[in-house]
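[1] I would like the atomic coordinates for the input below:
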Amino acid sequence: MASSKQTLQDASKSPLLWGLPEHLSRDLFKGTTPIRLDVNQVLFHTGDTGDGCYRVENGLLKVTLSPSGSQRILAFLGSGAVVGELSMIDGLPRSASVVAVRPAALSFLSRAAFKAFAIEHPELYEYLVMLLSARLRETDAVIAAGSFLPTKGRLACTLLELAGEFGQDAGNGRTVIRQKIGQSDLAAMTGIARESASRIINDWQRCKMITRLSGYYCIENKDQLQREAEL
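    As a prediction, this is how the structure comes out:
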């Protein structure tokens, strides 16, 4: 079984195109089309045509699934993130929905432009094979966490994942998650009831493992939180 640190790192759901060498990533996104989204504006829905991918220049997006009417948050994506790349590569419909949490500026890369770039740079596929292998390993870790960790461990994974994406060093080993994520969002990301998330967070706040500062969660004791996330 993977160690807790490996599990938490693997569960970051890093987009495929983040792992490309800088020169390929830079040239791939030259000449993209600018897109702007208002708050609550949907970028695409599950099942939509996968005609390209988007890089977030600024703002915040939320990636969701809604099986049986209940929403599950897969990720929050901020500046520099890429979304929609899998459907762009394989041409299959979108596997999740994406909506703007805050006003967002994006760059759109069409599937046609991606295919033309790949013809000129066939080495791109070698990198994609390695990145897809890494994605499979991440998926294995996420499945293991969801199957074997108790609710506390799963919620700890979620907070540490957010800290990895949006964390800011606050000194003395403290990390502030610089996005205002509510308890209902944490519950939806973790796949647990909001009441359960609220109870666990209140317990952790009482023992000073985490605190709340001006609407932001602050991890006060990362080592203890990581121990909660151990398989």
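
[2] What average pLDDT does the longest helix along the chain get?
    In the chain, with assignment by DSSP state H, the single longest helix is helix 123-148. Mean per-residue pLDDT for helix 123-148: 77.

[3] Would you map the strands across the chain?
    33-37, 42-44, 52-65, 72-77, 82-83, 97-110, 167-171, 174-177, 210-213, 216-219 (DSSP state E).

[4] Out of those strands, the one nearest residue 150 is which?
    Taking Cβ to Cβ, strand 210-213 is the member of the strands of the chain nearest to residue 150, at 17.4 Å. Using the backbone N, CA and C atoms, a C-beta is placed for each residue, glycine as well.

[5] does residue 213 have beta-bridge partners, and which?
    residue 216 (DSSP bridges).

[6] measure it to residue 178 for me?
    As defined by Cβ to Cβ, to the nearest Å, residue 213 lies at a distance of 10 Å from residue 178.

[7] how long is stretch 166-180 end to end?
    With Cα to Cα, to the nearest Å applied, stretch 166-180 spans 10 Å between its terminal residues.

[8] How about the most centrally placed residue in the chain: what's its closest non-neighbour residue?
    In the chain, the centroid-proximal residue (Cα atoms, centre = their mean) is residue 75; its distance is 3.5 Å. Using Cβ to Cβ, 6 or more residues apart in numbering and skipping the chain neighbours, the partner closest in space to residue 75 is residue 63 (4.6 Å).

[9] Can you report how many residues neighbour that neighbour?
    21 (other Cβ atoms under 10 Å).

[10] what sits against residue 79?
    Residue 79 sits next to 56, 57, 58, 59 when contact means Cβ atoms under 8 Å, 6 or more residues apart in numbering.

[11] no no, residue 74
    Residue 74 touches 13, 63, 64, 65, 96, 189, counting by Cβ under 8 Å, 6+ apart.

[12] Closest to residue 31 out of those residues?
    Distance to residue 31, by Cβ to Cβ, is smallest for residue 63 among the contacts of residue 74, at 25.7 Å.

[13] from what I can see the closest one touches residue 73, true?
    Yes: if you go by Cβ atoms under 8 Å, residue 63 and residue 73 touch, sitting 7.1 Å apart.

[14] hey, what's in contact with both of those two?
    By Cβ under 8 Å, 6+ apart, no residue touches both residue 63 and residue 73.

[15] picking up where we left off before, just the buried residues of the contacts of residue 74.
    Neighbour-count burial (16 or more other Cβ atoms under 10 Å) is assigned, among the contacts of residue 74, to 13, 63, 64, 96, 189.

[16] Thank you, goodbye.
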